[in-house]
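**Student:** I need the structure of the sequence given here:
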Amino acid sequence: MSLAPEIQAYLKRLEALNLPQVWQAPVDVIRRNTQSRVATSGPVEAIYEISNRFIPGPTADLPIRIYRPISASNAPAIVYFHGGGWVLNFLDIYDASLARLANQSGATIISVNYQKAPEHPFPIPFDDCYATLLWVIANATELNIDPRKIGVAGDSAGANLASGVAIKARDEKIALAFQLLIYPCNDRNFETESYIKNATGYGLSTQAMQWFWDQYLQGSQHDTNPYAVPMCAGSFSGVAPAIIITAQYDPLISDGEKYAALLERDDVSVIYTEYAGMIHGFFTNMAVTPTAREAIDAVAVEITKLTQ
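**Tutor:** The predicted structure follows:
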């Protein structure tokens, strides 16, 4: 399938802004340029409660945002790690998509604004995310959630973090209900089919991903650490069931395909969906494409099944 018409129009509007590429400007400038993404995420639908607080992290207090769709106790929970190449983005960008996901799934969502590279490279963002999971488990009663029905989720770099957290949870004998991985970047190999085929012209570029990885890992010393590069885990046996979302015109689609295959090889349940005509980032852009809402609702159905 060719690019969806609304995605073609979106890419033209993006090009007309003439913004610098991530490697062409100071990090603070690139971060300011992401402010416009709030508009493309769409309006925030009504939800029972959205609240903000800080929780203690390993090296700093961490801002979290909690989306509660219902007032009842023992709800499922999703610990969400946002994308942005471990460098960019902030919680507001995700309000619309996470409010809808909470409403549709009946799950309370806890989204964390982890510390960012390059100021805070690996393992700091990962440690922040894992600490958030542990905090949610420890505070399940206060949060009115069922500790047996907690899953992790993320998009792009956030899916990388969710994958790593799911592996560490397995290693630490913490049972998770699921892992939701939305166009994960789980390998540092830039010679895959999609990194070559979708290198430019579709929003996220291969060169941008190389730059993001460089900011996060800052050398090659972590390239075989599965918490940083989940694809290199020796075994995936025992990790949480996975829901994996990819986009046809994303440089990362090969990562998602391969990760799904590796999980299935080790007898991990996988629900894999590729969205035709879509690009990286579509899932949170409800003001850009109706497919975002369709994907969120489909994911919610699967989460409901896994947390019954």
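**Student:** which stretches of the stretch 151-300 of the chain form helices?
**Tutor:** 157-171, 193-197, 206-217, 253-265, 290-306 (DSSP state H, counting those that start in this stretch).
**Student:** switch these over to JSON lines; also include mean neighbour count.
**Tutor:** Bear in mind the C-beta positions are built from the backbone N, C-alpha and C, glycine included. Formatted as JSON lines, the helices of the stretch 151-300 of the chain follow (neighbours: other Cβ atoms under 10 Å):
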{"stretch": "helix 157-171", "mean neighbour count": "26"}
{"stretch": "helix 193-197", "mean neighbour count": "16"}
{"stretch": "helix 206-217", "mean neighbour count": "20"}
{"stretch": "helix 253-265", "mean neighbour count": "20"}
{"stretch": "helix 290-306", "mean neighbour count": "18"}
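**Student:** Ile64 is nearest to which of those helices?
**Tutor:** When the helices of the stretch 151-300 of the chain are compared by Cβ to Cβ, helix 157-171 sits nearest Ile64, at 13.9 Å.
**Student:** the closest one vs helix 253-265, what angle?
**Tutor:** If you take axes from the mean of the first three to the mean of the last three Cα atoms, to 10 degrees, helix 157-171 sits at 20 degrees to helix 253-265.
**Student:** how far out from the middle of the chain is helix 157-171?
**Tutor:** Distance of helix 157-171 from its chain centroid, counting by Cα atoms, centre = their mean, to the nearest Å, is 11 Å.
**Student:** circling back: could you dump the helices of the stretch 151-300 of the chain into TSV with mean pLDDT and distance to Met231 added?
**Tutor:** Formatted as TSV, those follow (pLDDT from 0 to 100; distance: least, Cβ to Cβ, whole Å):
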stretch	mean pLDDT	distance to Met231
helix 157-171	99	9
helix 193-197	98	13
helix 206-217	98	12
helix 253-265	98	6
helix 290-306	98	22
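**Student:** let's have those helices in TSV, adding distance to Gln8.
**Tutor:** As requested, these are exported to TSV (distance: least, Cβ to Cβ, whole Å):
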stretch	distance to Gln8
helix 157-171	25
helix 193-197	18
helix 206-217	20
helix 253-265	18
helix 290-306	13
